[in-house]
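A.B. asks: Quick one, what's the 3D model for this:
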Amino acid sequence: MFNGNISLTEISLNRRGLLTWALILSVFIMINLGSFNFFKDEGFIKMIEEYPQAFRNGLGITSEMFANINIYHGGLVMVYVLLLASIYAMKLAGGMIIRDMEIGMVEFLYTRPVTRPAIVFSKALAFFVLMTLLWIILYLISTIVGAFGVAPALFDIYAQFTVHFMGYLACLAAGGIAFALAPLFDKTQVSTFLALGFGLGFFIFNSLSAIFTPLGILRYFTIYYYADLAGAAVGKPFITGMLVLLLLFIVGVTVSSVLIRSKDFA
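C.D. replies: Have a look, this model is predicted:
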């Protein structure tokens, strides 16, 4: 079902991208988590309370959030980390499939004694490894900055592990969606458009559902609802959401393998 050489090749080809995105997201975490003591200032909190309620709901900002570093990091900073990380995840997953078709690799790779589904599953394994490495790095950065720098006595490393794990599952789900759609296209730039479209779409839907009550149903169509980072930050992870996100990844990869099997590369 898996081909180790294909998986290792994909990891090697994408390691530079992984390091680049890990650096970008790590810097984002260091800046925003490192600014917690500034944001919890009473004057800043009063300024936030003057903003319209709809605006605060859309951005997920509450005055209570700035009084607790775990809620601040898990319920606010990590939401934007997930926005960026999910875009990267979808671009990575989609690119793994579409790239072979664009550069003509299918003429070689897909005619070898390795089945098409095995190729997809091998690429999915590489994606799984890369996402795992990314989120391990992000958790370590958060722990170093939060537990050893900003608030050593208050930063809950166990709750934050759950937050990062939920973000990790959300990125797997986003990648699963990209895997499912990728066989329908032949240009790698499409994977970028898909990543931006779905990544921003999930975020916008999540914000609209928080601002407008009649649009509350939109949250069920976003990875943010199932990840429930704010709940995880206070020790209440959404177990059903975990299963849904993992299922999305598995189903997405399976759908990709079925579509690739029937795709005509002529």
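
A.B. asks: contacts and neighbour counts: CA atoms only from here.
C.D. replies: Fine.

A.B. asks: Assign a three-state SS to S191, would you?
C.D. replies: Secondary structure, DSSP: H, G, I helix; E, B strand; the rest coil: S191 is helix.

A.B. asks: OK, contacts around it?
C.D. replies: Contact analysis of S191 by Cα atoms under 8 Å, 6 or more residues apart in numbering lists 90-92, 94-95, 98, 178, 182.

A.B. asks: Surely G74 is in contact with G235?
C.D. replies: No. Judged on Cα atoms under 8 Å, G74 makes no contact with G235 at a distance of 10.6 Å.

A.B. asks: higher neighbour count, those two?
C.D. replies: For G74 and G235, the more surrounded residue by other Cα atoms under 10 Å is G74, and the numbers stand at 27 against 16.

A.B. asks: What is the neighbour count of the residue nearest to the more buried one when sequence neighbours are not counted?
C.D. replies: With Cα to Cα, 6 or more residues apart in numbering as the criterion, G74 has its nearest non-adjacent residue at 5.1 Å, and that residue is A233. Neighbours of A233 under the rule other Cα under 10 Å: 26.

A.B. asks: If we go by neighbour counts, what in whichever strand or helix holds Y168 is buried?
C.D. replies: Secondary structure assignment for Y168, by DSSP states H and E: helix 157-181. Using 16 or more other Cα atoms under 10 Å as the burial criterion, the residues of helix 157-181 that qualify are 157, 159-181.

A.B. asks: picking up where we left off before, is it possible to export the contacts of S191 to CSV including secondary structure and distance to R116?
C.D. replies: Supplementary listing: these in CSV, determined by DSSP: H, G, I helix; E, B strand; the rest coil; distance: Cα to Cα, whole Å:
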residue, secondary structure, distance to R116
M90, helix, 21
K91, helix, 21
L92, helix, 19
G94, helix, 16
G95, helix, 16
I98, helix, 14
A178, helix, 17
A182, helix, 14
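
A.B. asks: and which of those is nearest F203?
C.D. replies: Closest approach to F203 among the contacts of S191 (Cα to Cα): M90, at 14.1 Å.

A.B. asks: Before we move on, what's the pLDDT of that closest one?
C.D. replies: If you check M90, the pLDDT there is 97.

A.B. asks: now Y110
C.D. replies: 52.

A.B. asks: ok, then the element right after the lowest-mean-pLDDT helix or strand in the chain?
C.D. replies: One helix or strand of the chain scores below all others by mean pLDDT, DSSP states H and E: helix 106-109, with a mean of 50. Using DSSP H and E, the helix or strand that follows helix 106-109 towards the C-terminus is helix 116-145.

A.B. asks: and that following helix, average pLDDT?
C.D. replies: The average pLDDT for helix 116-145 rounds to 95.

A.B. asks: Which strands and helices lie in contact with that helix?
C.D. replies: Contacts defined by 3 or more Cα pairs under 8 Å, 6 or more residues apart in numbering; DSSP states H and E place helix 116-145 against helix 4-34, helix 78-102, helix 157-181, helix 239-262.

A.B. asks: same thing but at 10 Å, please
C.D. replies: The contact analysis (3 or more Cα pairs under 10 Å, 6 or more residues apart in numbering; DSSP states H and E) places helix 116-145 against helix 4-34, helix 78-102, helix 106-109, helix 157-181, helix 239-262.
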